[in-house]
Every structure is written in C-alpha cells, then in structure tokens.
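Peer 1: Quick one: sequence plus predicted model below, questions after.
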2 protein chains.
Amino acid sequence: MKFRRSERLVDMTNYLLEHPGELVSLTYFAERYSSAKSSISEDLTIIKDTFEQRGIGSLTTVPGAAGGVKYIVSIKEDEANAFIDELCDTIASPERLLPGGYLYMTDILGHPQTVNKVGRIIASMYAKKNVSVIMTMATKGISLAYAVANYLNVPVVIVRRNNKVTEGSTVSINYVSGSSKRIQTMVLSKRSLVEGSNVLIVDDFMKAGGTINGMVSLLDEFKATVAGIAVLVESEHTEECLVEDYVSLIKLTQVVERDKKINVSRGNYLTKKN
Amino acid sequence: MKFRRSERLVDMTNYLLEHPGELVSLTYFAERYSSAKSSISEDLTIIKDTFEQRGIGSLTTVPGAAGGVKYIVSIKEDEANAFIDELCDTIASPERLLPGGYLYMTDILGHPQTVNKVGRIIASMYAKKNVSVIMTMATKGISLAYAVANYLNVPVVIVRRNNKVTEGSTVSINYVSGSSKRIQTMVLSKRSLVEGSNVLIVDDFMKAGGTINGMVSLLDEFKATVAGIAVLVESEHTEECLVEDYVSLIKLTQVVERDKKINVSRGNYLTKKN
C-alpha cells in the first residue's frame, strides 16, 4: 500500500518526535511507506524546515550507506525566556511560602506540560553532549529527570537515601549536606549504572550543592563522567557553593518569611547556553 | 506569512501530540497559520485519518462556535500485545531474581521508551473516563505515573511514606500491608489534591493490594473518586486480594528462587479493555 506525501509527513513527524536522538535510516522510512528514497528525502526537507522554523528541533542528516536522519530537540530562546519568566511569577506567589522559609513546588513538579517544557529547555542544552544517562535523587527531582530523559532518549537512574530490597546490591557513600552540615548517606543500585557512562545530573532544587556534590562522588565510584549538572531552581545562600559548573533556570535570591516575600529571577542558563 | 499545507501538517501534528485531551479551536490554528478555516478542516481530516490508520490516536471534532478538535491517545491492540509479550520475556530473565524472591525492575522503569509505551497503553484505556489526576506511591511508580499523565495531560500527585517539610501540611492514614500484615503510614500533601478529583491510581507492582487499598482510603479523605487502578505487574499470592477492580498488564504467576524460575504472562488488560 502506497502512502501520499501528506500522510507520510504526519506519520514521520510522530515517529521522529517519538525517537529523539535516534538515527533512522532512509530505508526504514522508504519501506514503511513503500515509497522511493527520493520522496522520503523531500519529505524530510519539509519536516526539517518546519521543525527549525517553529523551534521544535533540528534534523541532522548522516550521509552514506549507514546513514539516515536524526531528530534533535531544541527550543527557541524567546520561547524559553517567556516560559522561565512566567514560571518565576508562579514561584514568587506568597502562598508558596512554607514554615521555615521553604517553598511549595510540588504542584509545579507534578504538572506534565510545565515539567516537559523545563525538560525540553535542559535537554536542548545537552543534546549534543553525548549524555548516556540522567541521574537524580529521589523523590522530587524524578519527574524532571524523566522529562529530560524523554527528550534525550536515555535512561534515568535514581539515587536514594536508603536501601530497598528490590534494588539488589548497592553502592553507598556518605556525604556532608552543604547547608545543614549533617552527614547523610546516598545509595545507588549496582546494576543501574554501567562503567563509563556519561551522566547528566538533574534536580529540582539546589542550595549549597551538598546533595549534587554527593552524586558527583557517587559517579566516581561507578567510573562514570559528569556530562553536566542542571537544576530548576538554585537558591542563594551564605555558605560556599560546593558545585562549580552547573546550569540553573531560576534563581531564588531572597525569601523573607515574615513579610511573605519571595524574590526570584532567571538563573544562569542564558550565560551557560553558548 | 502564509504556510503551505505540508508545513501546517508537520506543525499541527506536533502541536496536537503535545496537547493531548485539550480542545483546540479551529480559529487558533487558522490564526497560527494565517489560513482559512476550510483549509484547516481539510488538514485535520488528513491528520485524523493518518492517526487512526497508524494507531497513534483519534481526533474528536466538537462542532459549533465553542468547538474545535481534540487529540485522544490510543494504541492498536496488536501493537500493545506484541509489546507486552516482549516485556514478559524481559521480566522472565533469571538474572532479575533477587534474594527473597523479589524481581529487579529498576532498569525497565528507568527506560523512557518502555515506560512511555506502558503509559500509552494505560492512558488509552482511561482516555475517555474523565481522569483529572494520576496518583502513585513514591518512588518506583513515579516514572510510570508521569508517562500516563503525559498522555492524558493531567497532573500527578505522589503519596509518601513520611512527611517532608517541603510538602506543607499533609493528611496521613494508617493501613495494613496486604502481604506483610504490618501497619504502615502514608501521607499526602493537603494542597496537592482538590476535592472532587477523579483519580487514576497507577503503580508498578501489586501483590495483595495493601498499598493500593491504602491509596483508595486516602482518596476518601480528600472526597475524591477512583477513576481506576492500573498496575504494570500483578503478582499471584495466597492472601485475599484487597483490591477488586484493577487493570494489570503483566501477571507474575510463579517465582521459584531455588530454580531461578520466573513465570510471567499477560495481565487482565485485554479482558478489562472493553
């Protein structure tokens, strides 16, 4: 059965979006639609142009017999900025203030459209860095880690505070929390991470960076490398930050509990982007 | 600037896939592409036909001034069955057996393509049930809950075993675990669930159903209703199952630790589907 161009365009768009970062051969598409490779090439040019113009992503073509086409996620800078600014307003709402100066962010991290957009911004920054795994700490960063993983098409591993029987044997390390200076433990299932992985650490919140620094030490134990560190919100603090090179989308500059005042601004992502 | 049909088809496909379950007005698309509504209607017919033929989903058209078009996720029965059978083989691998007869499933739950497909199968079954929230228990079910939430475009709430300061005030209940008969606690942030929500409970694993039964009791406290209960794997057990009406994709019928033998088969999803 032959497919018309219009049908191919719809189905190919869906297929590429479902397989980000994956090299799809022209032969695959040619057989899927019983069409000539030359027609498929023309289709891909249309999709490529539309993806780029609309800021959906880019299509990279790899020539040769083993070649094909690869969809790589991206986002337009003005779309990202407008979204971050909106999110800053949402986070600065006084009702979010909890006793102790903590911020309620559970609803934001539970909203798929929001989490996906954050994930897309982070994934776009690391799409060409050969990330092989996303790592996060249970539990609040998990949704975000999955959103990033979805756009980069790589697995997620989750570090925990304690052992679980369903994880098999684990590697554990002790670390010092940056803000409370307490000694804490984190564990990772031994078989969840293969040696030599290139890991992007993703989390919802970072203060002095103790937890993230702990994850970096844990990666050492697994002979894995750090592809990058990305957090949704970083909070200003008086202690020395334990993490040097990271990307933040939002920066919490001041929380005054008594006045119910929360100051937020864009994080460092714009300066780190290029 | 005017758009050609081919460009509109690519961008509309992406837009609809990003906004499942959302009513998009024809006026929105007409303005987005500076095109006549009649052209948009024709585009949508092409997308609808391709989505249905390829098993991507369905497009529902709501006529009238407040009308528009809505993308609803679905999956073809043979695609779902083939995927479940493959997943059964993966799960039955003897290396997954952990001391105590537990199964290692962390890698499966950390793999975005797998989790998305499971999410799509579950979401397809509940796409017309007016689900307003997905609920799961921390931490292993979270990835799955997000995948389902993504396809239904509704938020996720996460039940925990203990209080966290960043969750604000919580409601907690005690429940009896079905298999270990121990009394346990689960808590949910008060502001995470509004009264009258219609909640789909999603989890990775169910044995005697104690945890899921606990979540059902918790929903009572929030005056919320149960839209459904869906688990990836149910395990056969000798105790009475505490949960009556649920959907499972995979059934674990026997685990013999000594012989490293794991028996799995399709769950009840096929019989529950219609």
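Peer 2: Cool, the structure landed.

Peer 1: mind listing the strands for the stretch 1-150 of chain A?
Peer 2: A:23-24, A:57-62, A:68-73, A:97-98, A:102-103, A:133-137 (DSSP state E, counting those that start in this stretch).

Peer 1: does chain B sit close to the first one?
Peer 2: Meaning strand A:23-24. No - figure legend: strand A:23-24 not in contact with chain B (C-beta under 8 Å from any C-beta of the partner chain); closest approach 13.7 Å. C-beta: built from backbone N, CA, C; applies to glycine.

Peer 1: Packing partners of that strand?
Peer 2: Under the contact definition 3 or more C-beta pairs under 8 Å, 6 or more residues apart in numbering or on different chains; DSSP states H and E, strand A:23-24 sits against strand A:68-73.

Peer 1: The strand it packs on - which strands sit beside it in the sheet, and in what orientation?
Peer 2: Its sheet considered, strand A:68-73 pairs with strand A:23-24 (antiparallel), strand A:57-62 (antiparallel) by DSSP bridges.

Peer 1: among these, which is nearest residue A:251?
Peer 2: When those are compared by C-beta to C-beta, strand A:57-62 sits nearest residue A:251, at 27.1 Å.

Peer 1: Return the set of buried residues in that closest one.
Peer 2: By neighbour count on 16 or more other C-beta atoms under 10 Å in any protein chain shown, the buried set for strand A:57-62 is A:57-59.

Peer 1: Buried deepest among the strands of the stretch 1-150 of chain A, which one?
Peer 2: Highest mean neighbour count among the strands of the stretch 1-150 of chain A (mean count of other C-beta atoms under 10 Å in any protein chain shown): strand A:133-137, with a mean of 27.

Peer 1: So for that strand, mean pLDDT?
Peer 2: Rounded to a whole number, the mean pLDDT of strand A:133-137 is 97.

Peer 1: just stretch A:266-274 next, same as before
Peer 2: Here stretch A:266-274 scores 84 as its mean pLDDT.

Peer 1: Which residues does that stretch contact?
Peer 2: Here stretch A:266-274 makes contact (C-beta atoms under 8 Å, 6 or more residues apart in numbering or on different chains) with A:77, A:80-81, A:84-85, A:88, A:121, A:125, A:231, A:233-234, A:246-251.

Peer 1: Filter the residues you listed down to the buried ones.
Peer 2: A:80, A:84, A:88, A:121, A:125, A:231, A:233-234, A:246-251.

Peer 1: which one of those is nearest residue B:179?
Peer 2: Distances from residue B:179 to the buried ones among the contacts of stretch A:266-274, taken by C-beta to C-beta, are shortest for residue A:231, at 38.1 Å.

Peer 1: Checking my notes, the closest one in a strand, right?
Peer 2: Yes - per DSSP: H, G, I helix; E, B strand; the rest coil, residue A:231 lies within a strand segment.

Peer 1: Quick check: the gap between it and chain B.
Peer 2: 15 Å (C-beta to the nearest C-beta, to the nearest Å).

Peer 1: and what of residue A:6?
Peer 2: 5 Å.

Peer 1: quick one, what contacts residue A:57?
Peer 2: By C-beta under 8 Å, 6+ apart, the contact list for residue A:57 reads A:20, A:51, A:71-74.

Peer 1: Likewise for residue A:20?
Peer 2: By C-beta under 8 Å, 6+ apart, the contact list for residue A:20 reads A:57, A:71-73, A:150-153.

Peer 1: and which of those is nearest residue B:31?
Peer 2: Lowest distance from residue B:31 to the contacts of residue A:20 (C-beta to C-beta) belongs to residue A:57, with 23.5 Å.

Peer 1: Report pLDDT for that closest one.
Peer 2: Residue A:57 is assigned a pLDDT of 97 by the prediction.

Peer 1: Likewise for residue A:164?
Peer 2: 82.

Peer 1: Check the burial of residue A:174 by counting its neighbours.
Peer 2: For residue A:174, the neighbour count with other C-beta atoms under 10 Å in any protein chain shown is 10.

Peer 1: In which helix or strand does it reside?
Peer 2: Using DSSP states H and E, residue A:174 maps to strand A:170-176.

Peer 1: Report the mean confidence score over that strand.
Peer 2: Across strand A:170-176, the average pLDDT comes to 93.

Peer 1: With stretch A:111-127 instead?
Peer 2: Stretch A:111-127 comes out at a mean pLDDT of 97.
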